[in-house]
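Trainee: Everything below, folded, please.
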Amino acid sequence: MNNDKSGNHTVTDYEKIFHPKKLAIVGVSAEGYGFGSGMLSSLLTIGYEGEIFPVNPKGGEIAGRKIYKTIEEIPGQIDFAVIAVAAPLVARSLEDCLKKGAAGAEVLSSGFREIGTPEGRSLEDDIKKVARKGIRVVGPNCFGIYCPQSGLTILPGAEFPREGGPVAFLAQSGGMANDFINIGKWLGLRYSKVVSFGNGADLRETELLQYLGDDPETKVICMYIEGVEDGAAFFDVLKQVTAKKPVIVYKGGLSEAGQRAVASHTASMGGSKAIWEAILYQANVVQVATTWEMAQVSLAFAMLPERAYKGIAVAGGGGALGVAACDAAEANGMELPQLKAETQEKIMAVLPKPGSSAGNPIDVANPGVPPFILKQVLLHAAEEEKVDLQILMQLLYVYKAIQRRENAKSLREATPTIELADMMEDVQKKTGKPAVLVLPNNRQGLNDLDVEEIRREARELFLKKNVLAFENLTDAFHAIGQVSNYYRRRMERTGA
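Mentor: Residues are numbered from 1 along each chain as shown. Alright, predicted model coming up:
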């Protein structure tokens, strides 16, 4: 780490911060549970492969490891540290980590600016002073870093996926970071880096965003922001990064009540709703309003080819579903173009009758139409130049009736999930156009838990085949629309 004459950081060793080989945990306890001991347990469970050095003045042993009484006692140098001691002891701990060569540290401890007292603000200023000497600090009042490639994890992320992925997340909330990773775990998202930076006394949204903009492991950047330190610098970096990668922002504290909650959470100033929305739009940021929406949209960005989508072909059983598809498409800047007469003839030749139609939306009449017929429908529809993407509605719960009718041993046996996944994968390969599944489930009573189990299993299989799946049409069209709008605006603004 080098510093210029003003004390500002000029070099940050992100490799040591995100992929540390030697890690100190300052503030473990051999008795009871604390943040330090909890972090040690989480790191061991997720499979962190580097060296871990627990530190506590009482010494002793924990999880088969020696507890060092001081940071100075640790043999050799360290790359990174987790600080979980009382607030008045944090700055001194950071000084000692700096002497040991640490490139950075995450401070899990609270009791700083967020509590709104002169003492808390003074203790956070002490952290900033130490950081200027050459150690980057994540926090305080945070849950830290999750980097699956290195085995770093945040509290209490012992069971987070170890495999990496293309989505990064920067959050001023540790709970939000946990929620987003947990949603992604079953939804199909995988992450490059997740940083819960809390109060952001040192390393925070603007620098981290700039780093992720150049990070080859990151394709999509998500952010939960309550407030920023330097609005002009943040806006400049946003514009630079969104010219290269999609940035999805969930801005907390836009309401009056929300701004009060933000002030007591991380002591950040939320700012005007109108100003924030205007700035984000000018920077071509993808704006979302919930964690669930952020997860759905980031999954679409991670899996869909990078382009704008206009014409959508929709197939499924039921006329009302088709009407809903038309409305959802228009609401999100897309359309369902009428298919040519010759294309409709080809589709009608393979569809069951009566009740089917092929104008787009394509009503297959029977929601239990087998995958080999659906494949022909999708292949014919994809021949249309004005069709950019296809959506197939599948009501998996209808196979419960088919199970009874055919005396199948189980719902799993009666549901053709493997055939459906293989079919969708093949359609995408042959047509070069995305084929997206929508899997609604309106049977959610206690007697239908098997339906949800099959749907979750099917979703996992589809994702392995690189087939994007959504819970309902509204989510599907909204997420696809966000992808489309981002790439359309980027092309208009940058030509790329």
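
Trainee: Give me the below-cutoff pLDDT ranges for the stretch 151-300 of the chain.
Mentor: 253-271 (pLDDT under 70).

Trainee: for it, what spans make up the strands?
Mentor: 167-171, 191-196, 220-225, 247-251, 286-288 (DSSP state E, counting those that start in this stretch).

Trainee: nearest spatial neighbour of residue 94, skipping sequence neighbours?
Mentor: In space, residue 94 comes closest to residue 130 once its chain neighbours are excluded; the distance is 4.4 Å by CB to CB, 6 or more residues apart in numbering. C-betas here are computed from N, CA, C, even on glycine.

Trainee: So that neighbour: helix, strand or coil?
Mentor: Look at residue 130: counting by DSSP: H, G, I helix; E, B strand; the rest coil, its state is helix.

Trainee: list the contacts for the closest residue to residue 51 other than its chain neighbours?
Mentor: Nearest non-adjacent residue to residue 51, counting by CB to CB, 6+ apart: residue 22, 4.9 Å away. Shown in contact with residue 22 (CB atoms under 8 Å, 6 or more residues apart in numbering): 50, 51, 53, 76, 77, 78, 79, 80.

Trainee: follow-up on the earlier one: tell me how far the residue nearest to residue 94 lies from residue 143.
Mentor: Relative to residue 143, residue 130 is positioned 21 Å away (CB to CB, to the nearest Å).

Trainee: Between those two, which has more neighbouring residues?
Mentor: Neighbours were counted for residue 130 and for residue 143 using other CB atoms under 10 Å; residue 143 has more, 28 against 22.

Trainee: pretty sure the residue nearest to residue 94 is in contact with residue 97, am I right?
Mentor: No: the criterion here is CB atoms under 8 Å, and residue 130 misses it with residue 97 at 9.0 Å.

Trainee: where along the stretch 1-150 of the chain do the helices fall?
Mentor: Assigned helices in the stretch 1-150 of the chain, in chain order: 14-18, 35-46, 87-99, 118-131 (criterion: DSSP state H, counting those that start in this stretch).

Trainee: Which one of those helices lies nearest to residue 376?
Mentor: With respect to residue 376, and counting by CB to CB, the nearest of the helices of the stretch 1-150 of the chain is helix 35-46 at 45.5 Å.

Trainee: Same question for the closest one: list its buried residues.
Mentor: In terms of neighbour count (16 or more other CB atoms under 10 Å), helix 35-46 has its buried residues at 35, 36, 37, 38, 39, 40, 41, 42, 43, 46.

Trainee: buried ones in stretch 179-196?
Mentor: Applying 16+ other CB under 10 Å to stretch 179-196 flags 179-181, 183-184, 187-196 as buried.

Trainee: which one of these sits closest to residue 451?
Mentor: residue 187 (18.3 Å).

Trainee: I figured that closest one hits residue 297, correct?
Mentor: No: counting by CB under 8 Å, residue 297 is not a contact partner of residue 187; they are 11.4 Å apart.

Trainee: Give me the domain ranges for the chain.
Mentor: Using automatic domain parsing, the domains assigned to the chain come out as 1-140, 163-303, 305-494.

Trainee: rank these by pLDDT, which is bottom?
Mentor: Per-stretch mean pLDDT for the domains of the chain is lowest at domain 163-303 (a mean of 89).

Trainee: Centre of the chain to stretch 159-179, how far?
Mentor: 6 Å (CA atoms, centre = their mean, to the nearest Å).

Trainee: ok, and the closest non-adjacent residue to the residue of the chain positioned farthest from its centre?
Mentor: Centroid-distance maximum for the chain: residue 354 at 43.9 Å, with CA atoms, centre = their mean. Using CB to CB, 6+ apart and skipping the chain neighbours, the partner closest in space to residue 354 is residue 365 (7.2 Å).

Trainee: could the buried residues of helix 35-46 go into TSV alongside distance to residue 373?
Mentor: Formatted as TSV, the buried residues of helix 35-46 follow (distance: CB to CB, whole Å):
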residue	distance to residue 373
35	57
36	59
37	58
38	53
39	54
40	56
41	52
42	49
43	51
46	45
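
Trainee: so which of the residues you listed comes closest to residue 106?
Mentor: Nearest to residue 106 among those, with distances taken as CB to CB, is residue 39, at 9.0 Å.

Trainee: With distance to residue 150 added, can I get the domains of the chain in a markdown table?
Mentor: Output for those, formatted as a markdown table (distance: least, CB to CB, whole Å):
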| stretch | distance to residue 150 |
| --- | --- |
| domain 1-140 | 4 |
| domain 163-303 | 9 |
| domain 305-494 | 24 |
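
Trainee: Out of these, which is closest to residue 154?
Mentor: Of all those, domain 163-303 comes closest under CB to CB, at 5.6 Å.

Trainee: in a strand, that's where the residue nearest to residue 354 is, yeah?
Mentor: No: assigned with three-state DSSP, residue 365 falls outside any strand and is coil.

Trainee: residue contacts, it?
Mentor: Each residue near residue 365 by CB under 8 Å, 6+ apart is listed here: 317, 351, 352, 353, 354, 355, 356.

Trainee: same thing with residue 416?
Mentor: 370, 371, 399.

Trainee: what's the answer for residue 151, then?
Mentor: 43, 46, 47, 48, 49, 50, 162.

Trainee: how about a cut-off of 7 Å?
Mentor: The contact partners of residue 151, taken as CB atoms under 7 Å, 6 or more residues apart in numbering, are 43, 46, 47, 48, 49.

Trainee: Thanks a lot, see you next time.
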